[in-house]
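Q: My questions concern the predicted model and sequence given below.
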Amino acid sequence: MSGGPARPGSGAETINFIFDGTAYQARPGDTLAAALLANGVGLVGRSFKYHRPRGVMTAGVEEPNALVTVGRGGRAEPNTRATDLFVYEGMVATSQNRWPSLWFDVASVFGLAAPALSAGFYYKTFFGPAKQWMYYEWFIRRAAGLGKAPTETDPDNFSQRAGFCDVLVVGSGPAGLKAALAAAESGSRVMLVEQDAVPGGSLLRDPDPALDSAWIERTLARIKTLGGYVLLRTTASGYWDHNFLTLTERLAEPGAVPAHGFAQRLWHVRAGRVVLATGLIERPVPFSHNDRPGVMLSQAVRTYLRRFGVIPGKRVVIATNNDDAYLTAEALREAGAEVLAILDSRAPGSGPSMAAGFTVLYDARPAGVTGRKHALRKVTALVGAGELSWEADLLAVSGGFVPVAHLHMQAGGKLEWNEDAQAFVPGATPQECVTVGAAAAPPSASPATLAGHPKKSFVDFQNDVTLADIDLAWQEGYRSVEHLKRYTTLGMATDQGKTSNMVALSRLAEKQGVAMPDAGLTTFRPPFTPVTMGLLAGAGARNAGAHVRRIALHDLHAAQDPLWQPMGYWFRPRAYPVNGETLSDAALREAFVVRTSVGLTDVSTLGKFEISGPDAGALLEVVCATTASKLAVGRGRYTFMLREDGFVFDDGTIWRLGEQRFLLTSSTGGADRMAGHLSYIRNYLRSDMRCSVVNVQEHFAGIALAGPRARAVLAALIGSEPPRHMSAAPAVLAGVPVIVLAASYSGERAFEIYAEATMASDVWHAIAAAVAAEGGAPYGLEAMELLRIEKGHVVVGGEVDGRTTPHDLGLHKMLNKAGGFVGASGLERAALKAAGRYNLVGLESLEGPIAEGAMLVGRAGTSPQGHVTAAGRRILEGGSIALAHLLDGHMRRGEVITVTSPTRGIKTRARVTSPHFYDPAGERYRD
Amino acid sequence: MYEIACPHCGPRAQLEFTYERTVDSVVVPGLDATEAMQTLYTRANPMGLDEEVWRHTFGCRAWLVLTRHRVTHVIEAVHAVGPETLP
């Protein structure tokens, strides 16, 4: 920059920071953009697609160009706006989209190939020949995303908090401050939020003697005294239904080490009324190379001059279609900069009286600029029919003002066209919400008339969309603004088109030959400014994402140092390895013990519901697809449940413990869903039934005892003959009252013993000791899986995958013939009875192991006919077996098919069999 | 996020509630297969008021019927449903 320092005075620079490896100094209160401009750094980043040099364009959150990555390691935050980032001691910021350096960027030569990347480039490329795709892939890979997300874990915490108020005021400019004060004075609970670190809004740029900093301080103090909240550095980022807003509060600047461990706080606020004092965003002006460093919005220039004491340029041209930019001319003159010319696009005589003393050219508009790295060199303008140019280092532009109506629109509000301001202003809203201040009444501006080359006139700076791209989209038939947006990616960058949407709309309206309000509008969606993922996760980050519930016997298992497996909300032992066994060795040993002797395992996590009352049996016959009410007292049965569309969604057992009292068990993972389903049926669908449903899932701990010696072991423990298969009986074991259910999942004689959770450890110890004396051992989920696969029992989430009917699973003979259960009508659909469905089958390998998830094919190269749901082995004899869903599998027993997993390179041939490999007649558990 | 006035608990945030279905998609007992499938899959989706079944799952667990406007999201009425007393 020529002609002296960019910031008069010295000695106030006390903060050290680093930008792209170079050390600089900043003054307290500086944004990174202000500090860089003060240090003569005009080139701050490269553009996304063409890698064009970019500088600071704005002084607010709408900044599309000056995006940096700030902070180190897991704290690094990419795509941070340099205009919305306050410098702190030791801050490290780096520019984006450049390689090897910002100064010399290799990819910027591809800017010369700009036509190759025009609107709709992706869509056209995907349909192009493969070779072309290889060539373009390089661009796409680089273009996919702006800054790089850190790979390390974020060391900071994020908090969330609820807030309630009568009046929420967004924005602390003059209108917002007055509204908040008035509301507080009238006795309302007030929350005032300001995204900036300093209150005052436009007053920071255009001081008002009547509303000076002392007035601002007094006002805020008064609001707080009256019980109001004032939240600075807090953005109202989302406006949702029923006056619910989310606020994002920065407790530390991006990349900084937070003082109390928390980087940000997310507020959930329910407000009685919302006052939006959100102000205006200035509209840029398109012309050739309008994206170069040194082209800046007029109000931003004023902000740097007045708020930060930085002079962004010494020889300045101003281009405007409104009076506001004349204030910038005055501010520049005050600061000692030279205003070479004011280009006013309006007719002669326009402009305010203060224009005196400035060279004002009417009917004038910028046509192009040339520049050096950090500033402009020359500005060319079209004045009337002639062309003029100036040696200037800065061009301040103003294309009018756009009310910040984002929150208003998120609230479901409408916009109205204001011809005088050439802008959309907030109109009616369905929520308790009002817009005040400049956002409700933007200043006058005249319609834009443009000069310059459309291919070099940028509209969306962040996504590198030019006027020519909009024209091309129009030419190719994209008439709707929503289509245009998606085709060109206009307004889809992290700035969400804050500076570009209106410029693009006016181009579209011009193409269509319609007035602006008839060109249509895109949807404004939350968040207003980007929100970090950590903030949304809040306290749910790291291990707190899902609660781990401990089963009653957790510590007892932990003492044996098992391998664990998450199961529903719990952790259950997967295997109990001894002497350094691997998981599969341990599981096979445990399963072998069950087949030959006896084992015990913890089944506490199963869903358990106690259903009692005169209509308990009838309710079960609505829930379950099998019969229930015919069970004799003391007897139980296997059951399964259907969705209304006829597909199986869970299975379990029913036990009749008394005349009017049943116990229903269901799968661990589906227990919550089952609880909701039971509640819906009992309380909504059949509220006429006289029964109660109580969820006793964690009230009872369950221990399964299985193996040929199980009956003898249990008889000794309870001092009487255990119930026969599928019967239930109360007993006392180790002094603890228990319920013994004789049911087998493993295929062996087996019992499930339920005791109150608080007393279950004595029961476990007693059984474990008796099992050990028989040469048995505890077994985990992995052994249970081997046992049930060999037996051919289905599991919810494996074979029961939401696409299987009772017939597919071979369960149809158990259906309640009387119907009346949920899903009975769904099952009647013809398609569920037709051929061409996937049926449950067994597979017996003729060669090597079968891979779980592998697909089944007839011949190589033909379409898959099913997949393996669970793979195991014959526990005693060895040999690889599996359960699978196979097309029309019930009809294909004996057929040999190929089981292949190309991704794992595993392929084998297998014979289709019954899914019941072990004791299909069930002789081993019958008395 | 809606604010739902639970008849038992007062106004509460939507995250305490779970949505079940629209009242017109409740498959009541006794429908034949055609009627049941029409109820499930052929819905009215009115542009205006509609009745919906919700549950205050993370509150009092009561089942509720909401009269909700599908465009403005205004909830005009909330009433509890289900058995009066347990046996």
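A: Arrived safely, thanks for sending. Residues are numbered from 1 along each chain as shown, chains lettered A, B, ... in the order given.
Q: those helices in chain B, which residues are they?
A: All helices of chain B, identified by DSSP state H, fall at B:33-41.
Q: any weak-confidence spans in chain B?
A: Residues of chain B meeting the criterion pLDDT under 70: B:85-87.
Q: run the last query once more with 90
A: Where chain B drops to pLDDT under 90, the residues are B:28-33, B:43-45, B:82-87.
Q: can you give me the strands for it?
A: Ranges of strands in chain B, per DSSP state E, are B:3-6, B:10-13, B:18-22, B:49-55, B:63-69, B:75-81.
Q: Next, format those strands as a markdown table and append mean neighbour count and distance to chain A.
A: No exception for glycine: its C-beta is placed from N, CA and C like everyone else's. Shown next, in a markdown table, are the strands of chain B (neighbours: other Cβ atoms under 10 Å in any protein chain shown; distance: least, Cβ to the nearest Cβ, whole Å):
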| stretch | mean neighbour count | distance to chain A |
| --- | --- | --- |
| strand B:3-6 | 17 | 4 |
| strand B:10-13 | 14 | 7 |
| strand B:18-22 | 16 | 6 |
| strand B:49-55 | 19 | 6 |
| strand B:63-69 | 19 | 5 |
| strand B:75-81 | 14 | 6 |
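Q: Can you add distance to B:V28 and give those back as TSV?
A: Below are those laid out as TSV (distance: least, Cβ to Cβ, whole Å):
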stretch	distance to B:V28
strand B:3-6	25
strand B:10-13	29
strand B:18-22	12
strand B:49-55	12
strand B:63-69	14
strand B:75-81	13
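Q: And the host helix or strand of A:A704, what does it pack against?
A: For A:A704, the element it lies in under DSSP states H and E is strand A:700-706. Packing partners of strand A:700-706 (3 or more Cβ pairs under 8 Å, 6 or more residues apart in numbering or on different chains; DSSP states H and E): strand A:599-602, strand A:750-756, helix A:760-773.
Q: Buried deepest among these, which one?
A: Comparing the helices and strands packed on strand A:700-706 by mean neighbour count (mean count of other Cβ atoms under 10 Å in any protein chain shown), strand A:599-602 comes out on top with a mean of 27.
Q: Show me the contact partners of that one.
A: A:551, A:553, A:557, A:572-573, A:590, A:593, A:701-707, A:764, A:767-768, A:771, A:776-780, A:783-784 (Cβ atoms under 8 Å, 6 or more residues apart in numbering or on different chains).
Q: circling back: so which of the helices and strands packed on strand A:700-706 gets nearest A:L657?
A: Nearest to A:L657 among the helices and strands packed on strand A:700-706 is strand A:750-756; the distance by Cβ to Cβ comes to 10.6 Å.
Q: With adjacent residues omitted, what lies nearest to the most centrally placed residue in chain B?
A: Compute the mean C-alpha point of chain B, and by Cα atoms, centre = their mean the closest residue is B:V53, 1.4 Å away. Ranked by Cβ to Cβ, 6 or more residues apart in numbering or on different chains and with sequence neighbours excluded, the top spatial neighbour of B:V53 is B:E20, at 4.1 Å.
Q: What of A:Q462?
A: Closest residue to A:Q462 apart from its sequence neighbours, by Cβ to Cβ, 6+ apart: A:A493 at 3.5 Å.
Q: helix or strand for the one you found, which one?
A: Remark: A:A493 resides in no helix or strand, with elements defined by DSSP H and E.
Q: got a pLDDT number for it?
A: We note a pLDDT of 87 for A:A493 in this prediction.
Q: likewise the one 3 residues further on?
A: pLDDT recorded at A:Q496 is 89.
Q: Check the one 4 residues further on too.
A: A:S500 carries a pLDDT value of 93.
Q: For A:D84, see how far away it is.
A: 18 Å (Cβ to Cβ, to the nearest Å).
Q: same check, this time on A:V822
A: 54 Å.
Q: quick one, which of those two is more surrounded?
A: Remark: of A:V822 and A:D84, A:D84 carries more neighbours, 25 against 22, as counted by other Cβ atoms under 10 Å in any protein chain shown.
Q: How about the more buried one: what's its closest non-neighbour residue?
A: A:V61 (4.9 Å).
Q: do B:P83 as well
A: In space, B:P83 is closest to A:S687, 4.6 Å off (Cβ to Cβ, 6+ apart).
Q: quick one: the one you found is in a strand?
A: No. Counting by DSSP: H, G, I helix; E, B strand; the rest coil, A:S687 is not found in a strand; it is coil.
Q: Remind me which helix or strand A:E62 belongs to.
A: Going by DSSP H and E, A:E62 is not part of any helix or strand.
Q: Give me the pLDDT value at it.
A: What the model reports for A:E62 is a pLDDT of 97.
Q: Regarding the closest residue to it other than its chain neighbours, what is its secondary structure?
A: In this structure, A:E62 finds its nearest non-sequential neighbour in A:K498, 3.8 Å apart by Cβ to Cβ, 6+ apart. Under the three-state scheme (three-state DSSP), A:K498 adopts coil.
Q: wait, isn't A:K498 in contact with A:R81?
A: No. Between A:K498 and A:R81 there is no contact under Cβ atoms under 8 Å: 10.6 Å.
Q: which ones are touching A:S500?
A: If you count contacts by Cβ under 8 Å, 6+ apart, A:S500 has them with A:P64, A:P284, A:V459, A:D460, A:F461, A:Q462, A:V465, A:L490, A:G491.
Q: How is chain A partitioned into domains?
A: Listed domain ranges for chain A are A:9-155, A:157-280, A:285-398, A:447-526, A:554-604+A:699-787, A:609-695, A:835-927 (source: automatic domain parsing).
Q: List just the one of those that sits closest to A:Q422.
A: Taking Cβ to Cβ, domain A:447-526 is the member of the domains of chain A nearest to A:Q422, at 5.7 Å.
Q: Now do the end-to-end distance for the closest one.
A: Terminal residues of domain A:447-526 lie 29 Å apart, using Cα to Cα, to the nearest Å.
Q: how distant is that domain from the center of its chain?
A: 28 Å (Cα atoms, centre = their mean, to the nearest Å).
Q: Stretch A:187-203 too?
A: The chain centre lies 29 Å from the centre of stretch A:187-203; the measure is Cα atoms, centre = their mean.
Q: what's the answer for stretch A:20-30, then?
A: Taking the mean of its C-alpha atoms, stretch A:20-30 sits 34 Å from the chain's own mean (Cα atoms, centre = their mean).
Q: May I have the beta-bridge partners of B:V65?
A: Counting by DSSP bridges, B:V65 forms beta bridges with B:V53, B:H79.
Q: so it touches B:V23, yeah?
A: Yes. Assessed by Cβ under 8 Å, B:V65 is found in contact with B:V23 at 6.4 Å.
Q: what's the closest non-adjacent residue to A:P864?
A: A:M855 (4.0 Å).
Q: Go through stretch A:414-427 and flag the buried ones.
A: For stretch A:414-427, burial by neighbour count (16 or more other Cβ atoms under 10 Å in any protein chain shown) applies to A:L415, A:N418, A:A421, A:Q422, A:A423, A:F424, A:V425, A:P426.
Q: likewise stretch A:61-81?
A: A:61-71, A:75-81.
Q: What of stretch A:516-532?
A: When neighbours are counted by 16+ other Cβ under 10 Å, the buried residues of stretch A:516-532 are found to be A:516, A:519-522, A:524, A:526-532.
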